[in-house]
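> sequence plus predicted model, see below.
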Amino acid sequence: KAHLMSLAPVVLENRPHDVSPPFSWRWLQWGWRLLFFDEGPYVPPSDATEQVARGGYLVDALTHCGECHTPRNFLGGSDKSLYLAGAANGAEGELVPNITPDDATGIGDWSEGDLVSFMSDGMMPNFDNVQGSMAEAIDHSLSKLTEEDRAAIAAYLKSIPPIENKVKRSDP
Ligand code: HEC
């Protein structure tokens with residue numbers, strides 16, 4: 001707030017929204033919230049250790065891995081039955097891999113250490129550098145977390161149920 005209040009004031013009429021109906025109808029958000037919004041504090045999985053609970057909070061409430069890694073249903077909401085199991089068509093039309101601990105189609109073969117170092121420098125266990133929006137997520141966000149928080153995210157990802165969902169690109 002202190003920073004915003006320090007900026008020079010600008011007199012400018014707000015522009016009208018440029019989205020067309022029905023997306024401009026605000027009241028429809030009520031239905032959207034009913035379907036896809038869970039109100040209240042983050043609730044960790046019941047068997048979570050303190051570290052896993054911290055990781056789940058970071059993943060779901062702050063870093064939003066699922067906004068890219070969970071596919072969307074026909075209304076554009078997250079398909080919770082495929083939580084973090086990858087999306088063939090990400091925000092930029094790119095393939096977003098399955099990051100559940102499934103051995104065949106997810107990251108079952110990554111260790112927690114692999115995940116922690118991946119989130120700090122974008123290097124994958126096969127020594128490839130990650131690309132696209134994930135590289136941005138690492139550069140601007142995940143690489144700035146504390147090592148403990150990266151470890152908590154890794155522990156959480158390894159604790160969630162593996163989902164077999166083949167969207168992973170084939171290795172070169
Ligand atoms: C803005 C979208 C976006 C967000 C947010 C995002 N990712 Fe990604 N992620 C991607 C994309 C796209 C790729 C594939 C990049 C490539 O092809 O090089 C990827 C790749 C990965 C991979 C490599 C998997 C593999 O098998 O190659 C891991 C692990 C990963 N992300 C974990 C995470 C975690 C953990 C979070 C949250 C802390 C997260 N991602 C948030 C888009 C995103």
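Structure received. Numbering: from 1, shown residues only.

> for this structure, give me the ranges with low pLDDT.
168-172 (pLDDT under 70).

> where does it come near the ligand, residue by residue?
59, 63-65, 67-69, 90, 94, 96-97, 99, 107, 118, 124, 130-134, 137, 142, 153, 157, 168 (CB under 6 Å from any ligand atom). The way it works is simple: take the backbone N, C-alpha and C, and place the C-beta from them, glycine included.

> biggest helix in the chain, by residue count?
helix 147-159 (DSSP state H).

> list of residues touching it?
45, 48-49, 51-52, 54-56, 58-59, 63, 84, 99-101, 107, 112-113, 115-116, 119-120, 142, 145 (CB atoms under 8 Å, 6 or more residues apart in numbering).

> please apply the same query to stretch 32-51.
Here stretch 32-51 makes contact (CB under 8 Å, 6+ apart) with 52-53, 56-57, 60-61, 75, 77-78, 151-152, 155-156, 159-160.

> grab the nearest non-local neighbour of the residue most central in space within the chain.
The residue lying closest to the centre of the chain (CA atoms, centre = their mean) is residue 65, at 1.2 Å. Excluding the flanking residues, the one nearest residue 65 by CB to CB, 6 or more residues apart in numbering is residue 59, at 5.0 Å.

> can you get me a residue count around that neighbour?
21 (other CB atoms under 10 Å).

> just the one 4 residues further on next, same as before
Using other CB under 10 Å, residue 63 has 18 neighbouring residues.

> again with residue 78
Neighbours around residue 78, by other CB under 10 Å: 17.

> how about residue 71, what does it touch?
78, 79, 82, 85, 86, 87, 88, 89.
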